[in-house]
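**Q** Got a sequence here, can you model it:
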Amino acid sequence: MKTCLVIPCYNEESRLNIEEIKKFADLDKDTHLLLVNDGSKDRTLSILKKLSSDIENIEYLDLEVNAGKAQAVRLGMLSAHKKDIFSYIGYFDADLATPFSEVENFKRIMSIESYDIVMGSRILRLGGNVDRKWYRHLLGRLFATFASISLGLPVYDTQCGAKFFKANLVEELFLEKFISYWIFDVELLFRYKKLVEKSSIYELPLDKWVDVAGSKLSPLDFLKAPMELLKIYKKYKG
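**A** Here you go, the predicted structure:
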């Protein structure tokens, strides 16, 4: 099963774990990494170019103007889809809060059950190592409850930045620009529900997730979520 992992990067010079990226690319030749430079102002693009030139299964996509995470992910997913060689295409955050060690778990679930979508889920549980700030956890649970009600799906964690999709769904799910700046994950699920008669989604409890310092989201961004969710609901339920 060939997979592609899209990683959006904006001013990540100081946060990109280059050694981890190299190590993963060397160990998992069946996974292609597509690193998307989202109009960075620092040396991010130079780093991505160097990784791409040095390692066969790493490629970069350069967006000259900063477009935001949603657009960077969207364009990266569509670019990967055009290659027509992948079974699944997904995305992770550049800070590797979801580490590369989780990719094997995603691939295992995808190969066994052939779900349309496999979503990482940051479930606090015994035996797991999910290190998340308490206020982000509480705000996230509150938001996820409203999102779940709106979607009509029992989703635990819509906002985890680790998701994989069957490649044959990518074009229809990502072709249209998102109306939401940072809860585009929810918008994707609304699109998916309109696309299929029966949902085939698996939430994968992550073995490890670490709240990495330097996130570009602040607690205040959560206050915008209700209005963004309402905007999405009106568009796709109307």
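**Q** quick one, helices of the chain?
**A** For the chain, the helices defined by DSSP state H occupy 18-27, 44-54, 69-82, 103-113, 134-151, 167-174, 184-195, 225-237.
**Q** who's in contact with stretch 180-187?
**A** 68-70, 73-74, 143, 147, 150-151, 158-161, 163, 178-179, 217, 221, 224-225, 228-229, 231-232, 236 (C-beta atoms under 8 Å, 6 or more residues apart in numbering). From N, CA and C alone the C-beta is placed, and that goes for glycine too.
**Q** now swap in stretch 231-238 and tell me
**A** Ser150, Ile179, Ser180, Ile183, Val186, Glu187, Phe190, Arg191, Lys193, Lys194.
**Q** Next, give me the two most distant ones among those.
**A** Farthest pair in those (C-beta to C-beta) is Ile183 and Lys194. Separation: 17.0 Å.
**Q** Between those two, which is the more surrounded one?
**A** Ile183 (22 against 10; other C-beta atoms under 10 Å).
**Q** Tell me which other helices or strands the lowest-mean-pLDDT helix or strand in the chain touches.
**A** Least confident helix or strand of the chain, by mean pLDDT, DSSP states H and E, is helix 134-151 with a mean of 82. When contacts are defined as 3 or more C-beta pairs under 8 Å, 6 or more residues apart in numbering; DSSP states H and E, helix 134-151 sits against helix 184-195, helix 225-237.
**Q** Deepest-packed of those, please.
**A** helix 184-195 (a mean of 20; mean count of other C-beta atoms under 10 Å).
**Q** What is the burial count for Ser46?
**A** 12.
**Q** Now do the same contact list for Ala70.
**A** Here Ala70 is in contact with Phe178, Ser180, Tyr181, Trp182, Phe184 (criterion: C-beta under 8 Å, 6+ apart).
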